[in-house]
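Enquirer: below is the sequence, then the predicted model.
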Protein chains: 2
Amino acid sequence: MEARMTGRDGGADIGPIGNSPVVILVRPQMAENIGTTARAMANGGLFHLRLVAPRDGWPLERAWRAASGADRILEAATVHETVDDAVADLHHVFATCPRPRHIVKTVLTARGGAAELRQMSSRGLRTGLMFGPERAGLDNEDMARADALIRYPLNPAFMSLNLAQAVMIMAYEWWMAEDATPPRALMTNETHVATKGELDNFMRNLIGQLDECGFLRNQQKRAGMVRNLRHFFTRGEVTEQELRTLHGVVTELARGRKARATGPANS
Amino acid sequence: MEARMTGRDGGADIGPIGNSPVVILVRPQMAENIGTTARAMANGGLFHLRLVAPRDGWPLERAWRAASGADRILEAATVHETVDDAVADLHHVFATCPRPRHIVKTVLTARGGAAELRQMSSRGLRTGLMFGPERAGLDNEDMARADALIRYPLNPAFMSLNLAQAVMIMAYEWWMAEDATPPRALMTNETHVATKGELDNFMRNLIGQLDECGFLRNQQKRAGMVRNLRHFFTRGEVTEQELRTLHGVVTELARGRKARATGPANS
């Protein structure tokens, strides 16, 4: 690769993560799209980029400007004259194709494709993901070199997908295929989810103050009202810190009431 | 909304699909990003766009140029002075936030958030997805108006995500949450997957020709060689059309051999 060009600072400190798929841009046209592709790859933990016959040659300064710091991916990118050359050392290649026609080929969803890539990767196989040029997409000869096609389930009324968006979805699914983040969790930071005992302390304070101020004076309705308040406070997780704040809220509201009731200033 | 401006042709024929979430861009800066957001929304079947205090006002011609035909989303977009105003008629709002700090909040993955949005949508609730401005992201006041945060699992070494890329991932997950495409399928187009009987016809032709040309003359190895060929031809699905082609390949290769064996030109 060429040495640094104007304005390049090396970007973020990123490198290959494990045995990750090669992204192959076939006859890409716009330098910006090569740059935003590198950015999307970095988001999803991909690193290896190959360019087949880029229309405007390589390197292209505008790609670096569009990469938002994914410079190392661009620095390490290689250029190839043909698809055959770009895939020669790979064991499995998938080709993204929005509208395959008149061919007999295995078609995977992005998620299905990512799961298979992870499996092949863990077997030590080298894999690749081919993306076609901006408007035309991959041609029939390109697709005949792929083991399977990947077709994203997306709104059939609007399939026009930007190249880097297409790369983003595969990079995202590649990352997600190994991700174990729980789909829902309470982020508590410095505090912790309250125990039932901590919640009960608060409920006792609240009910005691409500008894005192007369809010629960209707003895027939009292049990139901207390239960409903308890339902509300157990709807979502509450933290120990929030309970302390709520304790304060109840106590201060009650104190204010008492001060008003007894203080001379309110007479 | 203003009447059409130069260069607008109305774009693709898209409209709302069911009860889909509102996308709320809070203080967006770049017109291009509003346009590419609309494009990403269209890809994922979203339609309703609200802009809170867009930096350069609204409408912006460059948004239309970047939308690649998702014009109707931009035409229908509404502008709001505050987040409170933009979310006032919604029942649930999620806020995307890459790095929440020092707050106690439920955090969802993009996939988990999309699943919950689908559930709320099917209950008839109106939902919204907030995205912050390009660099700073949502501030603490914005986030306090959301029911939960959505945080994408992505490469922690490179979290810089373009605004439209962030919208794309949520729009994609929204679409995927209802999608039933099989993760892997053979696209056969005009032909069909071969039955075992059709495959067996081909195997008989192949083995017959191989017996005739002497390839299987070693009787000790014959059964194993035939079995291995059968293993190969049953590795992936084969179509009836491909079997016809393979029949032709075998027959023509054999005919060529016979012609060479008997023809005077080969003497």
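Expert: All right, it came through fine.
Enquirer: excluding chain neighbours, what is closest to residue A:140?
Expert: Spatial nearest neighbour of residue A:140, excluding adjacent residues (CB to CB, 6 or more residues apart in numbering or on different chains): residue A:103 at 7.1 Å. Backbone N, C-alpha and C define where each C-beta goes, glycine included.
Enquirer: per-residue confidence at the one you found?
Expert: Residue A:103 is assigned a pLDDT of 86 by the prediction.
Enquirer: ok, now residue A:4?
Expert: pLDDT, residue A:4: 36.
Enquirer: for the one 4 residues further on, same thing?
Expert: Confidence per residue is given as pLDDT, and for residue A:8 that number is 60.
Enquirer: quick one: contacts for the residue nearest to residue A:140?
Expert: Residues in contact with residue A:103 (CB atoms under 8 Å, 6 or more residues apart in numbering or on different chains) are A:140, A:143, B:187, B:189.
Enquirer: quick one: the biggest helix by length in chain A near chain B?
Expert: Criterion DSSP state H: the longest helix present in chain A is helix A:240-262. Yes - counting by CB under 8 Å from any CB of the partner chain, chain B has neighbours in helix A:240-262: A:241-242.
Enquirer: which other residues reach that helix?
Expert: For helix A:240-262, contacts defined as CB under 8 Å, 6+ apart pick out A:190-194, A:198-199, A:201-202, A:205-206, A:209, A:212-213, A:238, A:266, B:104.
Enquirer: try 6 Å this time
Expert: Applying CB atoms under 6 Å, 6 or more residues apart in numbering or on different chains, the external contacts of helix A:240-262 come out as A:191-192, A:194, A:198, A:202, A:205-206, A:209, A:266.
Enquirer: which of the residues you listed count as buried?
Expert: A:194, A:198, A:202, A:205-206, A:209 (16 or more other CB atoms under 10 Å in any protein chain shown).
Enquirer: and the helix or strand bottoming out on mean pLDDT in chain A, how far out from the chain middle?
Expert: The helix or strand of chain A with the poorest confidence is helix A:240-262; it has a mean of 88 (mean pLDDT, DSSP states H and E). Helix A:240-262 sits 41 Å away from the centroid of its parent chain (CA atoms, centre = their mean, to the nearest Å).
Enquirer: go on, stretch A:58-65?
Expert: Centre-to-centre, stretch A:58-65 and its host chain are 26 Å apart (CA atoms, centre = their mean).
Enquirer: so that stretch, near chain B or not?
Expert: No - Stretch A:58-65 is not in contact with chain B by CB under 6 Å from any CB of the partner chain; minimum separation 13.4 Å.
Enquirer: where's the nearest residue to residue A:12 once chain neighbours are set aside relative to residue B:245, distance?
Expert: Spatial nearest neighbour of residue A:12, chain neighbours left out: residue A:69 (4.3 Å); criterion: CB to CB, 6+ apart. Counting by CB to CB, to the nearest Å, the gap from residue A:69 to residue B:245 is 50 Å.
Enquirer: ok, the two, which is more surrounded?
Expert: The neighbour count for residue A:69 versus residue B:245, taken as other CB atoms under 10 Å in any protein chain shown, is higher for residue A:69 (18 against 10).
Enquirer: is it correct that that one is in contact with residue A:11?
Expert: Yes - counting by CB atoms under 6 Å, residue A:69 does reach residue A:11; the two are 4.0 Å apart.
Enquirer: now render the buried ones among the contacts of helix A:240-262 as a markdown table, adding secondary structure.
Expert: Below are the buried ones among the contacts of helix A:240-262 laid out as a markdown table (DSSP: H, G, I helix; E, B strand; the rest coil):
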| residue | secondary structure |
| --- | --- |
| A:194 | coil |
| A:198 | helix |
| A:202 | helix |
| A:205 | helix |
| A:206 | helix |
| A:209 | helix |
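Enquirer: how about TSV for these, with pLDDT and distance to chain B added?
Expert: Compiled in TSV, these are given as follows (pLDDT from 0 to 100; distance: CB to the nearest CB, whole Å):
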residue	pLDDT	distance to chain B
A:194	95	11
A:198	95	14
A:202	96	16
A:205	95	20
A:206	96	20
A:209	94	24
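Enquirer: closest to residue B:21 out of those?
Expert: Nearest to residue B:21 among the buried ones among the contacts of helix A:240-262, counting by CB to CB, is residue A:194 at 30.9 Å.
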